[in-house]
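Asks: how would this look folded up:
(chains A, B and C)
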Amino acid sequence: MSQGRAVKAAGDACGQVNWDDYLKAYYDKPESARTWSGYEVKEIYTPADRAGEDYRRDIGHAGQYPFTRGIHPNMFRGRYWTRREVVGIGSPADTHERAAFCFEQGGTGLNTIADVTYEMGLDADHPWAMSEVGLTGVNITSLRDMETLVGDIPLDKVSWSVITASTAASVTMAQYVAVAQAKGYDLSVLRGSIQNDPIHFRYCGFRPACPLDLSIKLGADVMEFCTQHMPKWYYTTVNMYDLREQGITAPQEVAFGLGIARCYIDELIRRGLDIDQFAPRFTFYVSCHVDFFEEIAKIRAARRMWARLLKEKYGAKDPRSMQFRFAVHTAGCSLIPQQPLNNLVRIAYEALAAVLGGVQSLHCCSYDEPMCLPTEKGHLQALRTQQIIAYETGVTNVADPLGGSYYVESLTDKMEEEALKVMKQVEDLGGMEEAIRTEWLDRQFEMEAVKRQREADNGQKLIVGVNIFTSEPEKTTPLGVQRIPEQSARQQIEEVRRLKASRDKNKLNQAIQRLREDAQAGRNTIPAMIEATKALATTGEILGTVRQVFGYSYDPMGIIESPFN
Amino acid sequence: MSKEKIKVIVSKVGLDGHDRGAKVVASLLREAGLEVVYLGLYQTPEGIIQAAIDEDADVIGLSYLSGEHLVYTPKIVEEMRRNGLEDVLLLVGGSFPPEDIPLMKRMGVDEVFRGGSLTDDIVGFIRQNARQEA
Amino acid sequence: MSGRTLASPREMVERLVAGDRRAAARLITLIEDQSEQSGELMKLIYPHSGRAVILGLTGSGGSGKSTLINHLIARFRQQGKRVGVVAVDPSSPFSGGALLGDRLRFQSHSLDPGVYIRSMGSRGYLGGLARATGDVVRIMEAMGNDLVMVETLGAGQDEIDIIDVVQTCLLILTPGMGDDIQAMKAGIMEVADLIVLNKADLDGATSCQKALEATIGLAGGRGEGGWTPPVIPTVATGSRPEDVRGVDELVEAIEAHQAYLSRSRTLEAVRARRVERELGLVFKDEVEKLVFKALKGTGKKRDYIEAILAGRGDPYSIVEEVLGAFVKA
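Replies: I've put the predicted structure just below:
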């Protein structure tokens, strides 16, 4: 099997043109008649392919069950999707600054992401955290950090999507609420969402911090709390995006994402909530990869599948429960460091697919992500990509403009069919929890990841800059490199130490004790977490206390002991 | 006499949990005929070096995907020097700016394979540069 | 000390006996690669070996062998013992490469100076071990380890070379995987000294344990004084410390078997089997080397093949003739 480097260009390194190669290139055609996920497609689709179609039953208008064409009747004519760039860089102050920059440049939503230390549920002064604080996102150790992050942003006006870290989502919610309450906001006016999908996070490399039972418990605590107290808040964005980043196919992305969603739904129902009480606030985080039509079809299929699942399996009555509400993050794994400016183009197509798919909130990657955290310029380009689609291309004037395309409707059916097959596989294993526990899911990820690399190695998947149209490796990054000032991390660590040394120990101990009791009694832990946060308990301390109640080590890394024992 | 097999340690360092690339490389190196000791996540520089010593490894391969390449590379190189592993190849993969590559090479990294690298290139480099003597 | 300074065989073995890990690592490579000095080195190493407790762990992939080893290392270290571990994984029959992923599960012991861990690819050798595993165990003994654990690849059906290398052989099974049935059919139960039923928290564990004990009961006790392999349920993987169960009982069972071996003097028979195996392997290797050395470059091998194809002979007659020359000489 030949390795890579298909001849596509007629020129060689010396700039000489080989005219035979030129002719080959002139007459070149697609080598593969398959989608990215591997499904064969025909040369053309015609009405004959739609012969058995039942528009009313399977497609419907936008805003109509089963919502294949979109969740709102007029889609973007009613409101554009939220232009929400993910920001997370260095200290809370640095992150606040970049978030404000995005606002100034026209971003319409906030989106903050955590660093690996927060993702593992560690305080900035943890021995393992100290070298890595702030390198890939923001660390929030205490109430003070959240205060700095929020700054003077009006929480009743701005929609804030707190991706931060699913591991610590319960604490993040508590920290956010504590800051909001201190500023005098009523919880019922807060707008935004929190990713809060601890189950999937074990696949992102944070398994020690996300044992399955604890993930379900804390995830559901947040969902329950928000359902009761924060009507404008979306309490989860079940993250299919991260799963797709492992290298799996589009139907697998949908199938596994819905599978994980069901774990939370089942738990909330077990707790006595009615499906229509909470489902309207359920949202998803979805990838948009580079195969344009496949991604659009995938999204449409997901909408139809979710609608049917909620109505038929869970008996939902409220149409809002059946609406697949989602944000898109363009596929990070489709970006490559070679010829980095090409990434701008990939991101643009992926964003267009998301919009044509009917997305509610969109983050465009920055072209430089294979190299570093987004630079200010990179962030700006990402935002402009969204704005050009919104204001120049005209695609927003019509809901589901690709609906009715013989190809797109057929591909939508195909995506649903394949995703249902995967869901059946999971059912046959005993359900999603079993698939997770037996590490079946891990094996799927490993298999698919190796397949993807092989496809690149043997030229089955052509990637510009990798195995076709390659060039000399770049020595610099076009718009500069984002560096995290060491000073930021050191300052934050210092502040954390000062905070721990100077806070009221009695108040703290009382709050931790209450948290411990609530966790032991099986009560919702969020109220106690809020109180503990106000008493200046830190992320690691709050999570660690709950971990201990469940029989796990206080510290996910197994190094530090609880100071409260 | 020349070595029968090239032995490679593949590892992640620190908190970074993105191990998909490391796992894929480990599998594909195996398919290319190398013996790969896969250490997985959350390794310390000391632990990696001790494994390299015990396993008599010819190559250490690290994967950095969370901006930590300039934090840990000096520590790894220092540990290698302290333990007399100068003739062990140090390869690095993952996600970092091309500007940092000359710096890492000056620190002691032998070669860098960022995302988008093809397996053949990695295997070819190892076969050409790993020590030959048992 | 640079790793690759070429010391003399004698110097290397001296360092090994003094507990130098670098020397051990280097020696293992030389023996694994069947380098020219291998014989010389093993002659020097051999007198320093033969005194450690040697445990074997066999069982199919996914049975939890490596995770059990992680716990056993901790227990034996608590007892103050120095521990060596050899973990064997299959080499690809196509590429010759191997993915050695057992170490990952006990890597946390890497930095303990009282623990030495080495991974090995089987390199085409059948039987569950690599060709050099037996020698590597001797190297680990010479290094000063009180206890050496050998983890094999394989399902414990055809891969039973381990039995002749170790003193106490543990077979790891899990409920409902079918390997318990396979094992019973294959008769492996008759030769393992301890049966570990790992993942004993799964459904069907109790009935599986009963079935295993019944089968063992039928086979009767073995050896002088009769050792009946016990079935020990364990749960090796637990994210919580309290989820891990059965390890203490396992350690006790291992110690009980070791005590049985000395008390019943079966240990001598075990030692004899180990030596017999080594003798056989070395004889076979050396004879092969001799013959191929003689044939190499002469073109005779091709002549023999042609002769057989032309009907002027058969492998048995030809070999008898060729070896006859050696015997006379």
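
Asks: Now the residue of chain B found nearest chain A. Its backbone dihedrals?
Replies: For chain B, the residue positioned closest to chain A under CB to the nearest CB is residue B:17, at a distance of 1.3 Å. All C-beta spots, glycine's among them, are computed from the backbone N, C-alpha and C. Main-chain dihedrals, residue B:17, degrees, to the nearest 10: phi -100, psi 10.

Asks: mind listing what the closest residue to it other than its chain neighbours touches?
Replies: For residue B:17, ignoring the flanking residues on the chain, the nearest one in space by CB to CB, 6 or more residues apart in numbering or on different chains is residue A:205 at 1.3 Å. Residues in contact with residue A:205, defined by CB atoms under 8 Å, 6 or more residues apart in numbering or on different chains, are B:16, B:17, B:18, B:19, B:41.

Asks: tell me which parts of chain B are close to chain A?
Replies: The interface of chain B toward chain A, taken as CB under 8 Å from any CB of the partner chain, is made up of B:14-20, B:23-24, B:27-28, B:41-42, B:66-68, B:71-72, B:95-99, B:101, B:114-116, B:118-120.

Asks: near chain A at all, stretch C:93-113?
Replies: No: applying CB under 8 Å from any CB, one finds stretch C:93-113 out of contact with chain A, separated by at least 8.9 Å.

Asks: what comes up buried for that stretch?
Replies: For stretch C:93-113, the neighbour count (16 or more other CB atoms under 10 Å in any protein chain shown) marks C:96-110 as buried.

Asks: Which of these sits closest to residue C:60?
Replies: For residue C:60, the nearest member of those is residue C:102. The distance, counting by CB to CB, is 13.5 Å.

Asks: Give me the nearest residue to the closest one, chain neighbours excluded.
Replies: With sequence-adjacent residues excluded and distances taken as CB to CB, 6+ apart, residue C:102 is closest to residue C:87, at 3.7 Å.

Asks: Over to residue A:507?
Replies: For residue A:507, the closest residue by CB to CB, 6+ apart turns out to be residue A:535, at 4.5 Å.

Asks: For the chain, give me the ranges with low pLDDT.
Replies: Defaulting to chain A. A:1-15, A:164 (pLDDT under 70).

Asks: Switch to chain C, please.
Replies: C:1-6, C:154-159, C:177-190, C:219-225, C:329.

Asks: Show me what the strand of greatest length in chain B is packed up against.
Replies: Among all segments of chain B classified by DSSP state E, the strand with the greatest residue count is strand B:35-43. Helices and strands touching strand B:35-43, by 3 or more CB pairs under 8 Å, 6 or more residues apart in numbering or on different chains; DSSP states H and E, are strand B:7-13, helix B:20-31, helix B:45-54, strand C:98-100, helix C:103-106, strand C:115-121.

Asks: Export those to CSV and append columns for distance to residue A:52.
Replies: Output for the helices and strands packed on strand B:35-43, formatted as CSV (distance: least, CB to CB, whole Å):
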stretch, distance to residue A:52
strand B:7-13, 50
helix B:20-31, 40
helix B:45-54, 59
strand C:98-100, 48
helix C:103-106, 52
strand C:115-121, 55
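
Asks: right, and those - which one's nearest residue A:18?
Replies: When the helices and strands packed on strand B:35-43 are compared for distance to residue A:18 using CB to CB, the nearest one is helix B:20-31, at 32.0 Å.
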